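>>> Fold the following.
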Amino acid sequence: MDAYKIDHVAKLTGLSKHVIRSWERRFDLLNPVRGGNRYRMYTQEDVDLLTYIRRELESGFAIGELAKLGRENLIAQMDHKKAVFDASNESPLVRINDILIDSLIPLDKNKFIRTLNEAVSLVSFDEAFFKIFIPLLRRVGDLWHEGKIGVGEEHFVTHHIRQRFLSILNQLPASDEGPKVVISCIANDYHEMGALIAAYQCAINGCQIFYLGANMPVESLVEFCTLTRPTLVLLSCSNELEDSEAKSLADKYARTLLPICSVWAGGSAMDSLGKYFVKNGIDVLDSLKVLEDRLKHLPHYLRNIQ
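Numbers count the residues shown, from 1 in each chain. As a prediction, the model looks like this:
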């Protein structure tokens, strides 16, 4: 039987250790046992239940209201919802994404939000990010390029996914000791999803996150980094630029940020920006997998700042 320490439970569920301990004291919902090392150990069922409760809270329920149902009733409720999605032979997450896409053509707002809320209540943070959110965003982007949905529907989906990304990021256990990482989109870039995904990757790898969002002017970013002295800046770049503009922007980032910290960049605009970033000493990441691998061995990839 799987057993987890509270640090691991916090990472899996997105709840802080303080919240988990508080719920354990106040409500009869968790049954951790003391392991041989005297640590409280939680079961997979505890992890699943905490994840389910967190999602129910995001849907508008109150913790007191849920606690009154008791552990057994909550688990039965959770299992019932899982059974509904597992009813066919298809992969539940694939089917969920199909339902979400179907709700966009034509747009059925209530069906989309209801399906999204139910889906994310059944899975871990990692599954929500990588098996629901990211595939959904890619499919929506493809549909927009094919002319099957409009800008309005694309913005509708992005808005709701962004809300959930931020909710997840805000609930992840905060790190006070990890490397400081500043994450932002480049100036005049309003497409945040890549930056949010990068922020999530950094957070689950123990970094202190300073998420600055979309359209961050270079001067303001430099001012912020001068004050906070981060270990690393991650730039998300989605807008393709003309060569002259790309070269000028890369030069500016290198000249102003590299004396302060390491700078990495990634995103769909690397075709126009990438060569200029590399030429100026800024690392270009080809994929989220590269970012994930680097974060696991971060000191090896950082510049020595004098």
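>>> can you give me the strands in the stretch 101-250 of the chain?
Chain-ordered strands for the stretch 101-250 of the chain, with DSSP state E, counting those that start in this stretch as the definition, fall at 180-185, 208-213, 232-236.
>>> Which of the ones you listed comes out lowest on mean pLDDT?
Per-stretch mean pLDDT for the strands of the stretch 101-250 of the chain is lowest at strand 208-213 (a mean of 90).
>>> So which elements touch that strand?
Secondary-structure packing of strand 208-213 (3 or more Cβ pairs under 8 Å, 6 or more residues apart in numbering; DSSP states H and E): strand 180-185, helix 193-204, helix 218-228. The C-beta positions use only the backbone N, C-alpha and C, and glycine is treated the same way.
>>> Return the most buried member of the ones you listed.
Each of those was scored by mean neighbour count; the highest is strand 180-185, a mean of 25, by mean count of other Cβ atoms under 10 Å.
>>> Give the pairing partners of that strand; include direction for each.
Using DSSP bridges, strand 180-185 pairs in its sheet with strand 208-213 (parallel), strand 232-236 (parallel).
>>> Distance from the chain centre to it, please.
Computed by Cα atoms, centre = their mean, to the nearest Å, the chain-centroid distance of strand 180-185 equals 14 Å.
>>> now the stretch 101-250 of the chain, which segments are flagged as low pLDDT?
124-125, 171-175 (pLDDT under 70).
>>> OK, contacts around Gln163?
Counting by Cβ atoms under 8 Å, 6 or more residues apart in numbering, Gln163 makes contact with nothing.
>>> which ones are touching Ser103?
Applying Cβ under 8 Å, 6+ apart, the residues near Ser103 are 111-112, 115.
>>> hmm, back to that, and of the strands paired with strand 180-185, who's closest to Lys296?
Of all those, strand 232-236 sits nearest to Lys296, with 13.9 Å by Cβ to Cβ.
>>> I'd like the distance from the closest one to the chain centre, please.
For strand 232-236, the distance to the chain centre is 15 Å (Cα atoms, centre = their mean).
>>> Repeat that for stretch 109-120.
18 Å.
>>> Tell me the buried residues in that stretch?
Across stretch 109-120, burial judged by 16 or more other Cβ atoms under 10 Å covers 112, 115-120.
>>> for the protein, which helix is longest?
helix 63-85 (DSSP state H).
>>> Identify all contacting residues around that one.
By Cβ under 8 Å, 6+ apart, helix 63-85 touches 23, 26-31, 45, 48-49, 52-53, 56-57, 92, 95-96, 118-119, 121-122.
>>> Quick check on those: which are buried?
23, 27, 29-30, 48-49, 52-53, 56-57, 92, 95-96, 118-119, 121-122.
>>> Which ones among those residues map onto helices?
Going by DSSP H, the helices hold 23, 48-49, 52-53, 56-57, 92, 95-96, 118-119 from the buried ones among the contacts of helix 63-85.
>>> Dump these into JSON lines; add distance to Asn280 as well.
Listed next are these as JSON lines, based on distance: Cβ to Cβ, whole Å:
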{"residue": "Trp23", "distance to Asn280": "49"}
{"residue": "Asp48", "distance to Asn280": "47"}
{"residue": "Leu49", "distance to Asn280": "50"}
{"residue": "Tyr52", "distance to Asn280": "48"}
{"residue": "Ile53", "distance to Asn280": "48"}
{"residue": "Glu56", "distance to Asn280": "48"}
{"residue": "Leu57", "distance to Asn280": "45"}
{"residue": "Pro92", "distance to Asn280": "46"}
{"residue": "Arg95", "distance to Asn280": "46"}
{"residue": "Ile96", "distance to Asn280": "43"}
{"residue": "Glu118", "distance to Asn280": "47"}
{"residue": "Ala119", "distance to Asn280": "42"}
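>>> right, and the pair among the residues you listed with maximum separation?
For these, and using Cβ to Cβ, no pair is farther apart than Trp23 and Arg95, which are 31.7 Å apart.
>>> follow-up on the earlier one: okay if I get the strands of the stretch 101-250 of the chain as CSV plus distance to Met193?
Converted to CSV, those look like this (distance: least, Cβ to Cβ, whole Å):
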stretch, distance to Met193
strand 180-185, 10
strand 208-213, 11
strand 232-236, 8
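>>> Out of those, which gets nearest to Val278?
strand 232-236 (13.1 Å).
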